[in-house]
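quick one, fold the following:
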Amino acid sequence: MTPCVILAGGLGTRIRAVAADVPKVLVPVLGQPFVHHQLSWLASQGVTTVVLSIGHKGAAVRHYVGDGGRWGISVTYVDEGEDLRGTGGALRLALAQGVLPERFLLLYGDSYLPVDIAPVEEAYERSGLPALMTVYRNEDRWDRSNASYEGGRVVLYQKHHPDPERAGLRFLDYGLSMLGHDVVDEMVPPDQVCDLADVFHRLSVEGRLAGYEMTQRFFEVGSPEGLRDLEAHLSGPAPAPSER
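Down below sits the predicted model:
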């Protein structure tokens with residue numbers, strides 16, 4: 001199975017109302033830190049190698065996760081400290097430190113995705129493109145839509161478009177991507193703050209971003225509402241969109 005990079009260095013400002021003193025990946029979910037659920041899911045999918053990109057309160061993450069052995073996963077760390085470089089900058093730091101895999105799955109540190117990973121890898125290989133983004137037909141239901149998807153490609157990805165509906169952006173970045181380290185080397189400048197959203201936008205307009213549609217909703221712990229939904233999902237049937 002392809003290695004996975006988890007971007008877990010963010011400040012988690014939206015979740016501070018319920019977890020003020022812990023990094024987002026350690027937010028308690030049903031009595032366990034969120035990263036426990038995330039690593040358990042990755043292990044169930046056959047992932048054995050994880051690069052954990054940490055930053056804000058990263059020492060606490062290292063203390064809890066350790067070498068990953070309790071999940072059967074080998075964990076390597078990249079630490080931005082408190083000088084955060086953005087999601088793209090974090091990958092560039094991993095590349096500079098020689099720990100970024102040649103190709104890798106990319107997962108955000110607040111995403112819980114109860115799906116099979118193998119079809120995503122297969123779609124990436126079939127595409128022949130340098131990167132793939134999983135997308136979900138959102139229609140502005142869970143969050144502001146940010147992608148247009150057609151024929152196995154993300155035709156346009158734009159995170160902060162002022163009028164997604166007018167632009168035909170009906171899909172949402174699902175939170176799981178796959179790419180090679182050559183993309184990071186080519187498109188992310190060293191020692192600068194860089195948002196991966198800008199990289200994915202450029203890849204989409206250049207026709208170099210494959211897509212894979214997910215049909216099952218995603219979960220996240222970036223907000224109190226998201227945390228509530230994830231706990232409900234892990235405890236029983238997922239809530240319908242109208243219940244949010």
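
now the strands for this protein?
Using DSSP state E, the strands of the chain run over 4-8, 28-29, 32-33, 49-54, 74-79, 103-108, 111-112, 131-137, 147-150, 153-157, 171-180, 209-214, 219-220.

just want the angle from the longest one to strand 131-137.
Our comparison of strand 171-180 with strand 131-137, counting by axes from the mean of the first three to the mean of the last three C-alpha atoms, to 10 degrees, yields an angle of 160 degrees.

dump strand 171-180 to CSV, restricted to CA.
Output of strand 171-180 as CSV, limited to C-alpha atoms (Å, rounded to 0.1, in the frame of the first residue of the first chain):
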residue,chain,number,x,y,z
PHE,A,171,-18.1,19.1,-5.9
LEU,A,172,-16.0,19.4,-2.8
ASP,A,173,-12.4,18.3,-2.1
TYR,A,174,-13.1,15.1,-0.1
GLY,A,175,-9.9,15.3,1.9
LEU,A,176,-7.9,12.5,0.3
SER,A,177,-5.5,13.0,-2.6
MET,A,178,-2.6,11.2,-4.2
LEU,A,179,0.5,12.7,-5.8
GLY,A,180,4.2,12.3,-6.4
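
check the spatially most distant residue from the centre of the chain and give its pLDDT.
Computed with C-alpha atoms, centre = their mean, the residue of the chain farthest from its C-alpha average is residue 166, at 26.4 Å. Note on residue 166: pLDDT of 79.

so what's the residue count around residue 167?
By the criterion of other C-beta atoms under 10 Å, residue 167 has 14 neighbours. All C-beta spots, glycine's among them, are computed from the backbone N, C-alpha and C.

quick one, phi/psi of it?
phi -80, psi 0 (degrees, to the nearest 10).

that one touches residue 157, doesn't it?
No: look at residue 167 against residue 157 with C-beta atoms under 8 Å: they stay out of range, at 10.9 Å.

give me the common contacts of the two.
Taking C-beta atoms under 8 Å, 6 or more residues apart in numbering as the criterion, residue 167 and residue 157 both touch residue 148.

need the contact list for the closest residue to residue 100 other than its chain neighbours.
Using C-beta to C-beta, 6 or more residues apart in numbering and skipping the chain neighbours, the partner closest in space to residue 100 is residue 94 (4.1 Å). Residues in contact with residue 94 (C-beta under 8 Å, 6+ apart) are 5, 51, 53, 78, 100, 184.

just those now: which is nearest residue 125?
Proximity of those to residue 125 (C-beta to C-beta) peaks at residue 5, which lies at 18.2 Å.
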